[in-house]
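# heads up, no residue letters with this:
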């Protein structure tokens, strides 16, 4: 039986569950993108941004 879903009512978590998406490791994109090495300060900033983003993502606010 096919289930009709109202896209505007789906959360990001719903989409991930329905499509069976899984988190990838933080460096999973390194094979696809080249970037110059980051300084220690830049690495700390990037880690803080990542942590902030995942916090919002986990509660469905992205």
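Cool, the structure landed. This is a predicted model, so every value here is computed, not measured.
# low pLDDT regions in this protein?
1, 24-32, 62 (pLDDT under 70).
# what ranges do the helices span in it?
Assigned helices in the chain, in chain order: 12-19, 40-58 (criterion: DSSP state H).
# any chance of the ones you listed in TSV, plus mean neighbour count and distance to residue 3?
(C-beta placed from N, C-alpha, C; glycine too.) Shown next, in TSV, are the helices of the chain (neighbours: other CB atoms under 10 Å; distance: least, CB to CB, whole Å):
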stretch	mean neighbour count	distance to residue 3
helix 12-19	12	9
helix 40-58	11	25
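# can you list those in JSON lines and add distance to residue 4?
Formatted as JSON lines, these follow (distance: least, CB to CB, whole Å):
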{"stretch": "helix 12-19", "distance to residue 4": "13"}
{"stretch": "helix 40-58", "distance to residue 4": "26"}
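# List just the one of those helices that sits closest to residue 2.
If you check each of those against residue 2 by CB to CB, helix 12-19 wins as the nearest, at 12.9 Å.
# orientation of the closest one relative to helix 40-58 in degrees?
The directions of helix 12-19 and helix 40-58 differ by 80 degrees, with axes from the mean of the first three to the mean of the last three CA atoms, to 10 degrees as the criterion.
# going forward, begin numbering at 47 instead of 1
Right, with 47 as the first residue, what we last looked at is helix 58-65.
# Spit out the contact partners of the nearest residue in space to residue 57 that is not next to it in sequence.
Using CB to CB, 6 or more residues apart in numbering and skipping the chain neighbours, the partner closest in space to residue 57 is residue 106 (4.2 Å). Residues near residue 106 by CB atoms under 8 Å, 6 or more residues apart in numbering: 57-59.
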